[in-house]
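Undergrad: Give me the fold of what follows.
(chains A, B and C)
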Amino acid sequence: MKRGWQAAAVTLLATFAFFIFESWQLSLRDTLGPGPGFFPFWLGVLGAVLAVFLLTQLHLNRVDLGTEALVFDRAGVRNAVLVLVGLIVATALLDVIGFRLSMLLLIPYLLLVLGVRNWVTVGICAVAGSFGVYYVFFDLLKVPLPAGIFGF
Amino acid sequence: MEGLQLLLSGFAAALSLQNLLFAFAGCVLGTLIGVLPGLGPAAGTAILIPLTFHLDATGAIIMLAAIYYGAMYGGTITSVLINVPGEAASVVTCLDGYQMALQGRAGTALGIAAIGSFVGGIFAAVALAIVALPLARFALAFGPPEFFSLMFVGLCLVTGLAGQSLAAALLMTILGLLLSLIGIDPVRGAPRFTFGVPELYDGLGFVPVVMGLFGVAEILLIIETPFRRMGDIKIKGLWPSRDEWKRSSGAIGRGTVIGFLLGLIPGVGAVIPTFMAYIIEKRLSKHPERFGNGAIEGVASPESANNAYANGAMVPLLVLGVPSSPTIAILMGAFIINGLTPGPFLFKERPDLVWTVIASFFTGNVILLILNLPLVGLWAKLLKMPYQYLCAGTLLFCIMGAYSLKGTVFDVGVMLVFGVVGYFLRKLNMPLAPAVLALILGPFMEKSLRTSLEMSAGDFSIFLTRPISATLMVFAALIIAVSAFQIAALKSIRTAESK
Amino acid sequence: MKITRNRIILDFASALTALFVLVTGPSTAADFPARPVQLMVAYPAGGSTDVAARIVAAIAEKQLGQTIVVVNRGGAGGQVGWTDMSRARPDGYYMGFINLPALNTVILDPERKAAFKADAFVPLINQVLDPGIIWIKADSPYKSLKDLLEAAKRAPNKISAATTGILSDDHLAILMAEEAYPGAIFRIVHLEGGAAQLTAILGGHIDVAFDNVGSVYRRVRTGELRALAVMDTRRSSFLPEVPTTPELGFPTVISNSTRGIAVPKGTPAPIIKKLEQVFKKAMEDPEHVKKMEEAGLALKIMVGEEYAKYYRELHAKAAKYTEWARSRPHK
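TA: A predicted model of the protein is given here:
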């Protein structure tokens, strides 16, 4: 857990450094008091100081990290990554092939990755989740949903 | 008293079969819309406005108002069941509501949410009916400097969300504030931290970020260890225990007052009252460590706050004609499309209409309760679905919800990115709530700060020379002092114990 | 055998080509629109642009023969929506409302880093021209516009004036007023939208507000607010008792906000013509006129070249004031 927190603190430090750098490019002061870069700059500085403080506290083991250990379940993480990849691909495809087709591909993919083997159920969910949902929300309720380049 | 008489005739009209039907339809539609994550009351109301074109003015407004608070409750359902905030104001309910669901108490959580919402709504409607005008005048005294000071107080209260490590909470707060500054600078109009990506010109978007941090992250966690998280959720009884009733009633009372008062101040928005109510409840509690782990007050408090807010926000709308939040602005648009101008003269010209609408807030809240309480058990059973379908379904709705916000795939991408971020933060047990509060307060604070300085031509003392603002600043200083004292005291106890 | 196989391939290829052309080929005015069209509003739902858009869309739909979906793409004072439109496919299925001079100032202000230039859009038809108005609390000490300007001159940078956004038509109007009354300097405060102005003025936090007739005329009529002047060449039909700036001796202080429909550059001419016809008919429809009247929005229909000319002229005028706004010492 300590390693994890250290990693997080370093990431935060890097993020704050980015904000400090970018704010410096914007004007910190203009004719009417603080400019657009003023607050992000000082917030970034404050954050960086706190991040360094946290790192030192962690180093000196003065942070109460609880008793739970940081454990990653290998098989579980593999599934989560697969799901994430599927989500990213489906999202990228949303504007290309439209909502219905993207979901028609995504839903079976998700169910299969997570271990469902009943093809009938997978099929039903795929159709219901893509065309069915589209019908209810887009046609009936007029909620905006992506149409893809073919217009459907 | 003339007011009472008008209210009674308002009731007579509100209880007409037609108006009751409109209120009912509104509640049902609103709940359905609220259940779709992301699509909040604002979008739902806007989408359904054309439906009301064919109705008379009173009916249209009754229905739209019902959609509004129906959607608020719909948002709660998804917050409790799948940790996905159905809309911005339901974020806080996720904190304890979902934990209760994991303990098999989803039904209880939803039930107390319904009851809390009902009580909050009714009391606020009563207050609205009785003290609308003088309170509205008071609310007008809140200019940009008072606004900033109020937000600042809210930020200082974040220490109440700290949990184990105050440093981590503060870091999350600052991260949230910085993220909230992404977008076009409100004063000079220059894009900040946007990498030239136009979709970022309006900022990251609170709802996609929160859907990712809470909803998608939770799904990823479930996928990683399904049996540890969803293994054997035994649905326990629906009824809260006596002790829980006692705790909830206090929470509901306080939440109602906070929600209503904040609703009077135009521009506050629905999220902030829920946070404030939650934090204050946690601070006043004898067992603050229970919050975040399934404390029933953690659900009762924000739920009553947000319904009391919804009704409280009607005061500036009806009395002054000023909308408090984007959703209320849409309601106001509905008024205008129907040829009415909300404001003091509406009270004088069409008292029948105004009082009928107010009376329908009562009936609407009752209908919502009657509609939702019996269904609570059914919703809770949904969690017994095999986790694969629950995950796939949730992700489907999240994608749909995120896209529907602005009709752009970008928001879905933001949600996914923050889903990953949220996953890691949860694995590390780092507190999410401070970041979320900061995300919502950030833009308000910067805007009101810069506007206040425009008003004072750069003079910072404006915050201390105006009475209300000065009082709030003193209050903030007190909060910081008390927190510092508590931390120092805890530290000395710990070092004393370790010796 | 060979012949048959080649035949099959040829048939298949031509079928695919036909399908491809059918699906992605250019639409002609005859079969346009073949599916629902999008009408984008660059502001959040409920605002006056949005209200007017929904009213006209509901009526034009019937003429067009396809659903018109009103899409809100709010943010950054309209910049988000207009950026979106500038990148949309110019096939007639995506059109949007442009608000002038807001669009002009977004393009002209280098700080905004707009991703598009003035020629990225083809103006089709204008719907609303909402004249600017200067208003105050009912019990305010200023009795006339001259009073106000004199006060701003005697106490420069002390009288606070609210706009509905940076470089909005209101902002430019304040500068025009200062130009017309040398020495008068207002302390300009940028708020977001008319509702914020209401609370600020009624609460006594700000002295005067510059906005548009459509947002406040009802309250002026009821006496809750008082209007000092309407910044147009002739009196507003909604507020006939309020004098115009030319009448009061300030003929150069003319300001308004127009909202009209445009399409991305490159949209085929026959489609443009068809859209212009459809919307012109819809806007002249008595139901449309009535609903706009109820909403307090003054119609000013300008079609095609007339609208394009207005756009160019306004752009030039906005350039002058944008430059001044940026170089002004007291922002």
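Undergrad: Residue B:247 touches residue B:296, doesn't it?
TA: Yes - using Cβ atoms under 8 Å as the test, residue B:247 is close enough to residue B:296 to be in contact (6.3 Å). Glycine gets a C-beta too; all of them are placed from N, C-alpha and C.
Undergrad: So between these two, which is more surrounded?
TA: residue B:296 (26 against 23; other Cβ atoms under 10 Å in any protein chain shown).
Undergrad: per-residue confidence at the more buried one?
TA: pLDDT, residue B:296: 90.
Undergrad: Skip the chain neighbours and tell me the closest residue to it.
TA: Nearest residue to residue B:296, sequence neighbours excluded (Cβ to Cβ, 6 or more residues apart in numbering or on different chains): residue B:244, at 4.7 Å.
Undergrad: so what's that neighbour up against?
TA: B:108, B:112, B:296 (Cβ atoms under 8 Å, 6 or more residues apart in numbering or on different chains).
Undergrad: Help me confirm that the second one comes into contact with residue B:297.
TA: No - the pair residue B:112 and residue B:297 fails to qualify as a contact (Cβ under 8 Å) at a distance of 9.0 Å.
Undergrad: overlap in contacts of those two?
TA: Joint contacts of residue B:112 and residue B:297 (Cβ under 8 Å, 6+ apart) are residue B:248.
Undergrad: Tell me the one among the contacts of residue B:244 nearest to residue B:411.
TA: residue B:112 (31.7 Å; Cβ to Cβ).
Undergrad: what's the helix or strand for that closest one?
TA: For residue B:112, the element it lies in under DSSP states H and E is helix B:106-140.
Undergrad: Can you tell me which residues in the stretch 51-200 of chain C are near chain A?
TA: Within the stretch 51-200 of chain C, the positions near chain A by Cβ under 8 Å from any Cβ of the partner chain are C:69, C:71, C:93.
Undergrad: List the contacts of the closest residue to the last one other than its chain neighbours.
TA: Beyond its immediate neighbours in the sequence, the residue positioned closest to residue C:93 (Cβ to Cβ, 6+ apart) is residue C:37, lying 5.0 Å away. Contacts for residue C:37 (Cβ under 8 Å, 6+ apart) come out as C:64, C:66-69, C:92-95.
Undergrad: contacting residues around the residue positioned nearest the centre of chain C?
TA: Taking Cα atoms, centre = their mean, the centroid of chain C lies closest to residue C:99, which sits 1.8 Å from it. Residue C:99 sits next to C:42-43, C:49, C:78, C:257-259 when contact means Cβ under 8 Å, 6+ apart.
Undergrad: at 6 Å instead, please
TA: C:78, C:259 (Cβ atoms under 6 Å, 6 or more residues apart in numbering or on different chains).
Undergrad: how would you label it: helix, strand or coil?
TA: strand (DSSP: H, G, I helix; E, B strand; the rest coil).
Undergrad: One more: residue C:228?
TA: Secondary structure, three-state DSSP: residue C:228 is strand.
Undergrad: these two touch, right, it and residue C:147?
TA: No - Residue C:228 is beyond contact range of residue C:147, at 8.3 Å (criterion: Cβ atoms under 6 Å).
Undergrad: For chain C, what is the nearest residue in the stretch 201-350 of chain B?
TA: Per Cβ to the nearest Cβ, residue B:202 is where the stretch 201-350 of chain B lies closest to chain C, at 2.9 Å.
Undergrad: Pretty sure that residue sits against residue C:79.
TA: No - using Cβ under 6 Å, residue B:202 makes no contact with residue C:79, being 8.4 Å away.
Undergrad: Look at the two and report which has more neighbours.
TA: Between residue B:202 and residue C:79, counted using other Cβ under 10 Å, the more crowded position is residue C:79 (26 against 20).
Undergrad: could you check whether the helix or strand containing that one is close to chain B?
TA: If you go by DSSP H and E, residue C:79 is part of helix C:79-86. Yes - remark: helix C:79-86 sits within contact range of chain B at C:79-80, C:83, by Cβ under 6 Å from any Cβ of the partner chain.
Undergrad: Which of those residues sits closest to chain B?
TA: Among the residues of helix C:79-86 next to chain B, and counting by Cβ to the nearest Cβ, the member closest to chain B is residue C:83, at 4.0 Å.
Undergrad: how about the nearest residue to that closest one, chain neighbours excluded?
TA: That would be residue B:198: by Cβ to Cβ, 6+ apart, it lies 4.0 Å from residue C:83.
Undergrad: How about residue B:18?
TA: Closest to residue B:18 by Cβ to Cβ, 6+ apart is residue B:59, at 6.5 Å.
Undergrad: what's the helix or strand for that neighbour?
TA: helix B:57-82.
Undergrad: For that helix, enumerate the helices and strands it packs against.
TA: helix B:17-35, helix B:41-48, helix B:91-102, helix B:106-140, helix B:351-381 (3 or more Cβ pairs under 6 Å, 6 or more residues apart in numbering or on different chains; DSSP states H and E).
Undergrad: what is the mean pLDDT for it?
TA: 82.
Undergrad: One more: stretch B:467-480?
TA: 87.
Undergrad: Give me the distance between residue A:9 and residue A:119.
TA: Here residue A:9 is placed at a distance of 48 Å from residue A:119 (Cβ to Cβ, to the nearest Å).
Undergrad: do the same with residue C:99
TA: 54 Å.
Undergrad: I'd like to know how far the residue of the stretch 51-200 of chain C found nearest chain A sits from residue C:37.
TA: Chain A sits closest to residue C:71 of the stretch 51-200 of chain C, with a gap of 6.3 Å, by Cβ to the nearest Cβ. Computed as Cβ to Cβ, the residue C:71 to residue C:37 distance reads 10 Å.
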